[in-house]
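Asks: I need the structure of the sequence given here:
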Amino acid sequence: LTITLTISYRYVVAFVSVVKAPYSAATIAIPAIILLHYKASEPKAYLVVLAVFAFALGRELCMDVVDRAGDAMSALHRVEANSIAACAFVLQGASLFLIFASRAKLDLWAVMDLAAIAVLFVVALFCWFRFQQRDQATEVMKVQLLLGLYFLV
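Replies: Below you'll find the model as predicted:
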């Protein structure tokens, strides 16, 4: 499935670029969906999948803003870059809340991981809006995604 989606990505970019970010986010969420299959009896497991998708969508939207100059014109080019970024960070903030809500109880490791993700969220936010360091902000988001793997285990 992932190989098929990766190959299809080129067609999405070429013909329906407006859905590129949600398409990529859905592809990133596939491992969480696979894990959900094994925890389907836990209703809060769906929150983790939704959190992964929301975070990935936010990151992909930010990456689209960074790559905007080299991309083909699409409907998203008519939307101001900071508006897209603001929406992206709202999605990422919501994903942090969803991860928190998905836990029945928080052990020390979960609290530390959530705190680290939250601190990195603020760092990415400042990098993006205050310091105009968009590439660095998206790199910080990679680390957040890595730290979020704790909640998939």
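
Asks: now the strands for the protein?
Replies: Taking DSSP state E, the chain contains no strands at all.

Asks: Now do the buried residues in the least confident helix or strand in the chain by mean pLDDT.
Replies: Lowest mean confidence among the helices and strands of the chain (mean pLDDT, DSSP states H and E): helix 2-15, at a mean of 75. Across helix 2-15, burial judged by 16 or more other C-beta atoms under 10 Å covers 12-13. The C-beta positions use only the backbone N, C-alpha and C, and glycine is treated the same way.

Asks: same thing with stretch 94-111?
Replies: Buried-residue list, stretch 94-111, by 16+ other C-beta under 10 Å: 95-96, 98-100, 102.

Asks: can you check stretch 29-42 too?
Replies: Those buried within stretch 29-42 under the rule 16+ other C-beta under 10 Å are 29, 32, 35-36.

Asks: of all the residues you listed, which comes closest to A86?
Replies: A29 (22.2 Å; C-beta to C-beta).

Asks: Give the full set of residues in contact with the closest one.
Replies: 49, 52-53, 56 (C-beta atoms under 8 Å, 6 or more residues apart in numbering).

Asks: what residue ranges in the chain score low on pLDDT?
Replies: Along the chain, the model assigns pLDDT under 70 to residues 2, 5-6, 72, 153.
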